[in-house]
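A.B. asks: The following comprises the amino acid sequence and a computationally predicted model.
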Amino acid sequence: MGTIGIFASIPGQTVGVSVFTDPLKDALGLSRNQFSNAYMIGTLLSSFFVSKSGVLFDKFGARYVAFFATVILGISLLLASISVQISEGIKTILNSNSWTVPFGIMTLLFFFMRFSGQGVLTMASRNMIMMWFNKNRGKVNSISSIAISLGFSSSPIFLNRLIENNGWEVSWQLLALSLFIFSFCIIQFYRNKPEDFNLKPDGVKHTDIKVEVDQENNLTLNEAKKTRAFWMFGLVLAFSSFFTTGFTFHIVSIFSSQDYSRAQAIAIFLPISIIAIIVSTICNILSDYIQHKIYLYLMLISGIIASLGLLWLASPIGIYLLIGGLGILSGLFGVINAVTWPRYFGRKYLGAISGKVMSFLVIASAIAPSLFSYCYTKLGSYGYIGYLNLLFLGVLLIASIKVKKTQ
């Protein structure tokens, strides 16, 4: 159910919104820059509230938090489907034909879509899975990660077909209806934690005296923020969100700047996805047995490899470095973002801690497209992003040497 809940967040994720970009911006009369800026501002605003929702997760549990997030996302999609009519109505009342009216409407709608979809529903669904497992947490997450990778990679094809058959307005309305139906499934099938049912993580009864009781070291958010591990893992995840979002957003432009075709640019997603699934599966299973600090180093090194690939994109070796680096980076992202937090800081305050980290990811994903664009339009090359990445990763690599698991 947690995995299906993450699927349900797709309409609020970049991969779900991007399919609606062209028909929506044309219908509203917005330029690509104006539409992108509305998306960026709405995403940035949502990041300030996502961390607060983590506290609500700890207080009320996944069931109610995910339910309200799903309802809010559904309502947002319904309003977005009639955004043109709303815009025209406000223009008539104000007696104005300014672009700021649809811009303001979409900024507000993007705020709710990103907050409820990318932020709260994803966080609550993933955390619920982690709450129910301890020793088998990595194994279970490997199954969930494979399903999520396949679901997210195929969703643009499904959504594009939906738009071609029904139009973008009806497509959003159908998605909203599906979310309202799923919200009732959440109430029926989501369960907050095993202790509510006299169970322990991994499905063991409290009354079984043969089972050794693992003493979790539950840290509050403030205590976690005082550790080096919180910042190193959080910042490397933010880097992954920044680089993958910016690179994906400008993928065609990045490759065309080095005289590659659109088809060649899009073609690299398949090998990246294959590598990511393989890495995610293996590392999730091994995460039950090895130190997660190893994953931190691997993620930093893969980021360096991908950044060098961006710098050397003019040569074939650059493409191989990009594919390998981004594949490993994406695969490890799902492991650290799900398994590491309860492993290092316990489950009691998992919502507050993961919610704070989610705000890092949302901010990074919001500023990435604009920063990539600025480097190309103002400085003349996407390569400057590679230099910026290497500097940031170099600092993190040195700072990560003293990372320790809390005792």
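C.D. replies: Noted; the coordinates are in hand.

A.B. asks: Lowest mean pLDDT among the helices and strands of this protein, which one is it?
C.D. replies: strand 204-205 (a mean of 68; mean pLDDT, DSSP states H and E).

A.B. asks: so which strand or helix has Ile285?
C.D. replies: Using DSSP states H and E, Ile285 sits within helix 269-286.

A.B. asks: Show me which positions of that helix end up buried.
C.D. replies: The neighbour-count check on helix 269-286 (16 or more other C-beta atoms under 10 Å) flags 271-273, 275-277, 279-281, 283-285 as buried. From N, CA and C alone the C-beta is placed, and that goes for glycine too.

A.B. asks: ranges for the strands of the protein?
C.D. replies: Counting by DSSP state E, residue ranges of the strands within the chain are 199-200, 204-205.

A.B. asks: Give me whichever of those strands is most buried.
C.D. replies: Scoring these by mean neighbour count under mean count of other C-beta atoms under 10 Å gives strand 199-200 as the most buried, with a mean of 16.

A.B. asks: residues contacting the most centrally placed residue in the chain?
C.D. replies: By C-alpha atoms, centre = their mean, the chain has its centre lying nearest to Gln118, at 6.0 Å. Residues counted as contacts of Gln118 (C-beta atoms under 8 Å, 6 or more residues apart in numbering) are 9, 12-14, 43, 46, 362.

A.B. asks: so which one among the residues you listed has the lowest pLDDT?
C.D. replies: Ranked by pLDDT, the contacts of Gln118 bottom out at Thr14, which scores 78.

A.B. asks: all helices for the stretch 101-250 of the chain, in order.
C.D. replies: Applying DSSP state H, counting those that start in this stretch to the stretch 101-250 of the chain gives helices spanning 122-131, 137-189, 221-225, 228-249.

A.B. asks: Tell me which of the ones you listed lies nearest to Pro342.
C.D. replies: When the helices of the stretch 101-250 of the chain are compared by C-beta to C-beta, helix 122-131 sits nearest Pro342, at 4.9 Å.

A.B. asks: For the nearest residue in space to Cys185 that is not next to it in sequence, which residues are in contact?
C.D. replies: Spatially, and ignoring its direct neighbours in sequence, Cys185 is nearest to Met1 (7.4 Å; C-beta to C-beta, 6 or more residues apart in numbering). Taking C-beta under 8 Å, 6+ apart, we find Met1 in contact with 125, 128, 185-186, 189-190.

A.B. asks: ChimeraX command to pick out the buried ones of those?
C.D. replies: A single ChimeraX command is used to select the members of the contacts of Met1 judged buried by 16+ other C-beta under 10 Å:
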select :125,128,186,190
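
A.B. asks: about what we covered before: can you tell me which of the helices of the stretch 101-250 of the chain is packed in deepest?
C.D. replies: Comparing the helices of the stretch 101-250 of the chain by mean neighbour count (mean count of other C-beta under 10 Å), helix 122-131 comes out on top with a mean of 26.

A.B. asks: nearest residue to Phe67 other than its sequence neighbours?
C.D. replies: Excluding the flanking residues, the one nearest Phe67 by C-beta to C-beta, 6+ apart is Ile186, at 4.8 Å.
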